[in-house]
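[1] Would you be able to build a 3D model of this:
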Amino acid sequence: MVRCACCVLRAARDAGVRRVVLTSAFHAVGFGHGHIDHVFTEEDWSPLNGPGVDVYGRSKILAEKAAWDFIAQQGNKLELTTILPVAVMGPVMGEDVSGANHIVQHSLNGRMPGYPNMFVPIVDVRDVAAAHIAAMTAPGAAGERFLIGTGEPAIAMKEIGAILKQELGEKATKVPTRSIPNFVVRLTALFRDEFKSVAADLGYVKRVSVDKSRTVLGITPRPAREAIVAAGRSMVNRGLAD
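    Coordinates of the predicted model:
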């Protein structure tokens, strides 16, 4: 991923492109710090080997840092803007489900047996798309990172299930209501790498500032509830929740 990012930037520079907007992720900002009392901003970087930083997180950190290094050393007049969305949910357009939308899908189809004591900062995919478009031309966006989120507190995974039940009714009968105890998640993380990042953030409500995306990009984000419900309804309509 690091090499690909630099190859794209080099090609853009050589073709005379003015600005590249790169999709990074909140993984490059708000993971691996432990349970600190802090509001995350674009000034923060996740430590590569911090608690809960998995392979995906490391790839995002390394790729974005490599992109900024390229701009500083070889970019010439090429401008770079990076977009760092929190957990992306919202309506699906095709037959594939990706990212945090899997939480919704696995809740609806019964693959989620229960919810860990985890809190998720959510953003609607439509707002992420709007941020990319705005970042292409906004005068103040060049050379900047932008966290994209709702500005609301992170939402408990169990609350995501409750929202689906409230809004989708009989279409959400498989959505679980029970919680998975912390010790079970931590024990599972000893044997399954995909649970390590979850175990590291149990009970931790991350706070994220989105002031910069509001003021510079003009983004007025939808509430997390709207993203959750839109994701669920679109999956039901496309037969992706069975």
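
[2] show me what contacts Arg222?
    Applying Cβ atoms under 8 Å, 6 or more residues apart in numbering, we find Arg222 in contact with Asp124, Arg126, Asp127, Thr150. To be clear about C-beta, it is placed using only N, CA and C from the backbone, and glycine gets the same treatment.

[3] Determine the longest strand present in this protein.
    As assigned by DSSP state E, the longest strand anywhere in the chain is strand 79-85.

[4] Partner strands of it and their direction?
    Applying DSSP bridges, strand 79-85 is found paired with strand 19-23 (parallel), strand 145-148 (parallel).

[5] Show me the strands in the chain, by range?
    In the chain, the strands defined using DSSP E lie at 19-23, 39-40, 79-85, 87-89, 119-120, 122-124, 145-148, 155-156, 207-208.

[6] closest to Val184 out of these?
    strand 155-156 (16.7 Å; Cβ to Cβ).

[7] Tell me how many other residues surround the closest residue to Glu167 other than its chain neighbours.
    Using Cβ to Cβ, 6 or more residues apart in numbering and skipping residues adjacent in sequence, the residue nearest Glu167 is Val229, 4.7 Å away. Neighbour count of Val229, defined by other Cβ atoms under 10 Å: 20.

[8] How much space separates Val229 from Asp96?
    As judged by Cβ to Cβ, to the nearest Å, Val229 and Asp96 stand 20 Å apart.

[9] ok, and what's touching the lengthiest helix in the chain?
    For the chain, the helix that runs over the most residues, judged by DSSP state H, is helix 55-74. If you take Cβ under 8 Å, 6+ apart as the criterion, helix 55-74 is touched by 1-2, 4-6, 9-10, 13, 22, 24-25, 27-28, 31-32, 45-46, 48, 53, 78-80, 82, 143, 145, 193, 197.
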